[in-house]
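>>> Provide a 3D model corresponding to the input given below.
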Amino acid sequence: MVKLIGAALILFAGTMIGFMQASRFASRPRQIRQLGYALQRLETEIGYGYTPLPEAIGRCAAHLSEPAAALLRGVNQRLSEGNELTFKECWEQSVTAIWPGTAMKAAEQSALIRLGATLGISDREDQIKHLRLAMQQLKAEEDTARDDQARYEKMWKSLGVLIAALVVILIV
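Numbers count the residues shown, from 1 in each chain. Here you go, the predicted model:
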């Protein structure tokens, strides 16, 4: 009886590990798309609304879902604290603070950090160009993430179950 319960627990744990890994592959394209949408809203606020950057970031954060909203809220919070940080430093700190909680990889992080280094230091047209460049980079990464999702999501689901079954067979 104890062996049966142990085998069931091992199968459950292995299956859940596989499904958790698969969910990371599934959530990465969605999160990249959300970041692209956030940059698009920021572009609209800056380009058409003539909104100052801190105010534009606050407005965009109110209408977005996580993790993009957390990124913009973090930037806005750091800017409003008045602790003598530049916009670039606030942006980088916010990106590195939220990054462990996302399913995204280093390529997306470096694109965002490069964008943060250019926002707020030039005129409106130049900022829009940099936002569009970052959106193009994120779009390319989203396509790669979709390919990875199609390739690896089902594999991880199956692999979790199969490895757990192998462990149960070896134990019994």
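>>> quick one: the helix ranked longest in the chain to chain centroid distance?
For the chain, the longest helix by residue count, based on DSSP state H, is helix 124-171. Here the centre of helix 124-171 is set off from its chain's centre by 11 Å, with Cα atoms, centre = their mean, to the nearest Å.
>>> What is that helix packed up against?
helix 2-47, helix 106-118 (3 or more Cβ pairs under 8 Å, 6 or more residues apart in numbering; DSSP states H and E). Using the backbone N, CA and C atoms, a C-beta is placed for each residue, glycine as well.
>>> and the longest one with helix 124-171, angle?
With axes from the mean of the first three to the mean of the last three Cα atoms, to 10 degrees as the criterion, the two stretches helix 2-47 and helix 124-171 enclose an angle of 180 degrees.
>>> helix or strand right after helix 2-47?
Next along the chain after helix 2-47, taking DSSP states H and E as the criterion, comes helix 53-62.
>>> which residues sit against the helix or strand of the chain at the bottom of the mean pLDDT ranking?
Lowest on mean pLDDT, DSSP states H and E among the helices and strands of the chain sits helix 53-62, with a mean of 83. If you take Cβ atoms under 8 Å, 6 or more residues apart in numbering as the criterion, helix 53-62 is touched by 38, 41-42, 45-46, 49, 51, 69, 72-73, 75-76, 79-80, 87, 119-120, 127.
>>> pull the CA atoms of that helix into PDB?
Extracted C-alpha coordinates of helix 53-62, given in PDB (Å, rounded to 0.1, in the frame of the first residue of the first chain):
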ATOM      1  CA  LEU A  53       7.900  60.300 -20.300                       C
ATOM      2  CA  PRO A  54       7.200  59.800 -16.600                       C
ATOM      3  CA  GLU A  55       3.600  60.600 -17.100                       C
ATOM      4  CA  ALA A  56       3.400  58.400 -20.200                       C
ATOM      5  CA  ILE A  57       4.900  55.500 -18.300                       C
ATOM      6  CA  GLY A  58       2.300  55.900 -15.500                       C
ATOM      7  CA  ARG A  59      -0.600  56.000 -17.900                       C
ATOM      8  CA  CYS A  60       0.600  52.900 -19.800                       C
ATOM      9  CA  ALA A  61       1.200  50.900 -16.600                       C
ATOM     10  CA  ALA A  62      -2.400  51.400 -15.600                       C
END
